[in-house]
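K.L.:
Structure of the sequence below:
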Amino acid sequence: MSVERAVVALAGVMILVSLALAYIVSPYWLALAAIVGLNLSQSAFTGFCPMAYVLKKSGLKSTAT
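P.N.:
Sure thing, here's the model as predicted:
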């Protein structure tokens, strides 16, 4: 799995977990979904994603050159 695919997969899982926790526990968990969405938007414009950096350091390979 590449870094790019892992970032997208992790973001999707985090949003689904956030929605489930908001439904079951408290609506304040929607803040997590907002943070993930903001980070994805920021990453699209700047090209910097903190999770991609962590995944690269952990040994995953990037498809970008």
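K.L.:
Quick one, grab the pLDDT at the residue nearest the centre of the chain.
P.N.:
What sits nearest the mean C-alpha location of the chain, by CA atoms, centre = their mean, is A11, with 3.0 Å. Looking at A11, its pLDDT stands at 94.
K.L.:
Helix or strand: which one has it?
P.N.:
helix 3-24 (DSSP states H and E).
K.L.:
Kindly report the same for A52.
P.N.:
helix 50-57.
K.L.:
outside of that helix, which residues touch it?
P.N.:
Contacts to helix 50-57, defined as CB atoms under 8 Å, 6 or more residues apart in numbering, come from residues 3-4, 6-7, 10-11, 39, 43, 62. For every residue, glycine as well, the C-beta is placed using N, CA and C.
K.L.:
cool, and stretch 2-13?
P.N.:
Residues contacting stretch 2-13 (CB under 8 Å, 6+ apart): 1, 36, 39-40, 43, 49, 51-52, 55-56, 60-64.
K.L.:
what's the following helix or strand after the helix holding A11?
P.N.:
Toward the C-terminal end, the helix or strand that comes next after helix 3-24 (DSSP H and E) is helix 30-46.
K.L.:
by how many degrees do that next one and helix 50-57 diverge?
P.N.:
For helix 30-46 against helix 50-57, the angle by axes from the mean of the first three to the mean of the last three CA atoms, to 10 degrees is 70 degrees.
K.L.:
ok so, going back, just the buried ones among the contacts of stretch 2-13, please.
P.N.:
Among the contacts of stretch 2-13, those buried by neighbour count (16 or more other CB atoms under 10 Å) are 36, 39-40, 43, 49, 51-52, 55, 60.
K.L.:
Between those, which sits nearest Y23?
P.N.:
Nearest to Y23 among the buried ones among the contacts of stretch 2-13: V36, at 16.5 Å, using CB to CB.
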